[in-house]
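> Mind looking at a prediction? Sequence and model below.
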Amino acid sequence: MDPKAVYECADVVATYEDADYLEAPERHLVENLGAALPSMSMLDIAVGAGRTTRYFAPLVRRYVGVDFSTSMIDLCVRKFSAELPNASFMVADMRDLSCVGEERFDLVLISYNSISSLDHEDRLRVFQNVRSVCRPGARFLFSAHNLHCLPRLFGVPQLLSQLSFREPRGSCSLLRTWFMRRFVYEQALSYRRWMRDRYRMLNDGAHFGRLHHYYVTAEEQVAQLSKYFDEVSVYRANGEQLQIGADGGPPDDYWLFYLCNTAATPSLVH
């Protein structure tokens, strides 16, 4: 199913309607930028129903939220337009950011793995688009699904370790989701071979199997980003920074966060 169509579905919109929190790397970004935030212009891509809006918009000089779902943007307008006069919202696809015109931003965020619903070519196009709307010295933060988590998604030992007789309802839901993911949505009998890839699109059962998601190794993701950005740091969802390639093997987190910096002086994208 086309990702845009999925995010117009009423049941999908409803799952995001009340989301109102920051992930740990997002909180750390706010803390680290500190006193610089009031002078910054921010672009919040795939803003959804505004999970991050209430936390960023009051702190920055100008806040622009975009999403390709009209239903999501309508929600944001109803929730925030009166409350946050420096915030604006518009329908736009991250694959085409021409809607912002000549405006450039000091901070760009793509929320909640949203870029993972795009294929490889579109993903690279988004990175180039984001770089083109960044001012010198800008920061870009996003999260992405991690290919090395596949044993946790599809493996039997990992499933058994999460089941509990003390929580039969939760265990039944977990078992049903695992079964659907492995034998109905993806028929993932060879997931260990997939881990030899650098990236792969697969159906992980998101929104009842209506979406395929792009899973990528941290090494590959850093290599992709290094073509467009000058510095890339990798973080776990709990905010811990990772040293990619260090001893201990690849991280098996479900998703990872990537913080990209642009050079303080303009340079050509290579």
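In hand now; what should we look at? Numbers count the residues shown, from 1 in each chain.

> Does residue 144 belong to a helix, a strand or coil?
With DSSP: H, G, I helix; E, B strand; the rest coil as the basis, residue 144 sits in strand.

> and it, what are its bridge partners?
For residue 144, the beta-bridge partners are residue 256 (DSSP bridges).

> Do a quick rundown of the helices in the protein.
Secondary structure of the chain by DSSP state H: the helices cover 3-6, 10-16, 24-33, 53-56, 70-80, 120-132, 150-154, 156-162, 168-179, 191-194, 206-209, 218-226.

> quick one: which of these is nearest residue 106?
Closest of the helices of the chain to residue 106 is helix 24-33, at 9.0 Å (criterion: CB to CB). Placement of C-beta: from N, CA and C, glycine included.

> just checking, what packs against that closest one?
With contacts taken as 3 or more CB pairs under 8 Å, 6 or more residues apart in numbering; DSSP states H and E, helix 24-33 sits against helix 53-56, strand 134-146, strand 231-235, strand 255-261.

> Mean pLDDT added to these, as CSV?
Shown next, in CSV, are the helices and strands packed on helix 24-33 (pLDDT from 0 to 100):
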stretch, mean pLDDT
helix 53-56, 97
strand 134-146, 97
strand 231-235, 96
strand 255-261, 97
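
> any chance of these in TSV, plus distance to residue 106 and mean neighbour count?
As requested, the helices and strands packed on helix 24-33 are arranged in TSV below (distance: least, CB to CB, whole Å; neighbours: other CB atoms under 10 Å):
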stretch	distance to residue 106	mean neighbour count
helix 53-56	12	20
strand 134-146	5	22
strand 231-235	15	18
strand 255-261	11	21
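
> Could you dump these into JSON lines and include distance to residue 100?
Shown next, in JSON lines, are the helices and strands packed on helix 24-33 (distance: least, CB to CB, whole Å):
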{"stretch": "helix 53-56", "distance to residue 100": "17"}
{"stretch": "strand 134-146", "distance to residue 100": "11"}
{"stretch": "strand 231-235", "distance to residue 100": "23"}
{"stretch": "strand 255-261", "distance to residue 100": "18"}
